[in-house]
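**Q** pasting the structure only:
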């Protein structure tokens, strides 16, 4: 389900925790019973995938027996880490991602190769935007609850960030 349908801060935090710091249990290896790392790092190191498009819309959740679990979705722009070496690296040199969640260096063009650290920077922006631009609305009789834009503020934080054209976003004053 989309993250914005949750109306409980504890569940939202659990989803973000699962995506950022999830624990995985492997039954195939007696030496590795719990593998606790960043989900994104686990994808990168163990599976060999660099996501390259982390955004608020790509973090979802599933509910199993009343418990919420975070899920990272949309691997359309992802790359195999093996292809980032040698002649195939050109696919990772394309600027990918969803503004305003993209790393500053990618937007500025100072880094041509999309790296693991750029996706970690995107995770930070997801949490920043979620914490500053959105609020939780409890369910009412007329509509469902969930994460909603905070229209109660005179100006939303990072409005310029959202309203600029994507090519100009965060280049210049906001990245430095």
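**A** Here it is on my side, so go on. Note that the structure is predicted; figures quoted are calculated from it, not measured.
**Q** Report the mean per-residue pLDDT for the longest helix anywhere in the chain.
**A** For the chain, the longest helix by residue count, based on DSSP state H, is helix 116-133. Average pLDDT, helix 116-133: 86.
**Q** With stretch 73-90 instead?
**A** On average, stretch 73-90 scores 74.
**Q** Can you tell me what sits against that stretch?
**A** 44, 48-53, 57-60, 91-92, 96-97, 113-114 (C-beta atoms under 8 Å, 6 or more residues apart in numbering). C-beta coordinates here come from the backbone N, C-alpha and C atoms, glycine included.
**Q** swap the cut-off to 10 Å and go again
**A** The contact list for stretch 73-90 (C-beta atoms under 10 Å, 6 or more residues apart in numbering) reads 2, 43-45, 47-55, 57-60, 91-94, 96-98, 112-116, 119.
**Q** For residue 63, identify the helix or strand it belongs to.
**A** strand 59-64 (DSSP states H and E).
**Q** Direction included, what does whichever helix or strand comes after that strand pair against?
**A** Where DSSP H and E defines the elements, the next helix or strand beyond strand 59-64 is strand 67-72. Strand 67-72 sits in its sheet next to strand 59-64 (antiparallel), going by DSSP bridges.
**Q** In which helix or strand does residue 13 reside?
**A** Using DSSP H and E, residue 13 sits within helix 9-21.
**Q** Who are the packing partners of that helix?
**A** helix 39-42, strand 59-64, strand 67-72, helix 116-133, strand 134-137, strand 146-149 (3 or more C-beta pairs under 10 Å, 6 or more residues apart in numbering; DSSP states H and E).
**Q** Report the spatially nearest residue to residue 8, omitting neighbours in sequence.
**A** Closest residue to residue 8 apart from its sequence neighbours, by C-beta to C-beta, 6 or more residues apart in numbering: residue 136 at 7.3 Å.
**Q** surely that neighbour meets residue 145?
**A** Yes. Residue 136 is within contact range of residue 145, at 7.2 Å (criterion: C-beta atoms under 10 Å).
**Q** what touches both of these two?
**A** Joint contacts of residue 136 and residue 145 (C-beta under 10 Å, 6+ apart) are 6-8.
**Q** how about a markdown table for the helices and strands packed on helix 9-21, with mean neighbour count and distance to residue 155 added?
**A** Compiled in a markdown table, the helices and strands packed on helix 9-21 are given as follows (neighbours: other C-beta atoms under 10 Å; distance: least, C-beta to C-beta, whole Å):
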| stretch | mean neighbour count | distance to residue 155 |
| --- | --- | --- |
| helix 39-42 | 18 | 32 |
| strand 59-64 | 15 | 26 |
| strand 67-72 | 17 | 30 |
| helix 116-133 | 18 | 11 |
| strand 134-137 | 16 | 15 |
| strand 146-149 | 16 | 12 |
